[in-house]
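Asks: pasting the sequence and the predicted coordinates here, then a few questions.
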Amino acid sequence: MSQLHVINHPMIQHKLTIMRKKETGSKDFRELLKEIGLLMGYEVTRDLPLRDIEIETPICKMTGKEISGRKMAIVPILRAGLGLVEGLQSLIPVAKVGHIGMYRNEETHQPVEYFCKLPEDIHDRLVIVTDPMLATGGSACDAISSLKKKGCANIRLMCLVGVPEGVERVQREHPDVDIYLAALDERLNENAYIVPGLGDAGDRIFGTK
Ligand code: PRP
Ligand code: URA
């Protein structure tokens, strides 16, 4: 069964509250999202296996630790998922980046895929899918299905704000995918926006409204 991890670290909660405020502008919103991306990355990668490595410090030889061979990829769901990539990349500089473009039809709220470009060896990688908003869960579920069709078997979903409905849908359709959130909000409104949420993440990142 997919695990839900709500990361309630004080630094993340503080930064998220600033992002939620309607008066926070695009520049600050983007910077905070990048910072939270890095901080959440610690939790998303917490259980990566380590192996011993013999090294020499300026003082003596020692046995150190390194991440044991697991190749990683970051796959943002465009557009808003892009906002979490830079922070994750500063934590995992060797990760390759794929892109899946999805938008929600404004009336039906159904996701429509319009772009998909992934690293050739994506099926060999641990994939972190990023998107700030997990609302109905449709976009995340479709993106994860696209990755599974390419052979991906190790997928984690990293979002900022989710609601129970979206979490339950991902857990039902993709029980092998763990979900990482900074906050589990109350519900969706009649337009399938998260309440209290932070508004339209893509518009706030890119200043399109
Ligand atoms: C937003 C958000 C998610 C999706 C979440 O994207 O970034 O991808 O909605 O909603 P869901 O869980 O109900 O599918 P949007 O469609 O607004 O596109 P954008 O990122 O280009 O703004
Ligand atoms: N997409 C967003 O950007 N915000 C929401 O609250 C729901 C979907």
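Replies: Yep, that arrived. Numbering: from 1, shown residues only. Ligands and ions are numbered 1, 2, ... in the order given.
Asks: for the helix ranked longest in the chain, buried residues please.
Replies: Looking across the chain with DSSP state H, the single longest helix is helix 26-44. Within helix 26-44, the residues that count as buried by 16 or more other CB atoms under 10 Å are 29-41, 43-44. (Glycine included, C-beta is placed from N, CA and C.)
Asks: just stretch 171-186 next, same as before
Replies: For stretch 171-186, the neighbour count (16+ other CB under 10 Å) marks 171, 173-174, 177-185 as buried.
Asks: and the contacts of stretch 61-76?
Replies: For stretch 61-76, the surrounding residues in contact (CB atoms under 8 Å, 6 or more residues apart in numbering) are 48-56, 81-85, 88-89, 92, 94-100, 118-119, 121-122, 124-131, 143, 147.
Asks: oh, I was asking about stretch 109-126
Replies: Applying CB under 8 Å, 6+ apart, the contact partners of stretch 109-126 are 48, 70-73, 75, 78, 96-105, 135-136, 138-139, 142-143, 146-147, 150-156, 191-192.
Asks: please flag which of the residues you listed sit within helices.
Replies: Using DSSP H, the contacts of stretch 109-126 in helices are 138-139, 142-143, 146-147.
Asks: for this structure, which residues are neighbours of ligand 1?
Replies: 77-80, 102-104, 109, 111, 131-140, 166, 192, 200-202 (CB under 6 Å from any ligand atom).
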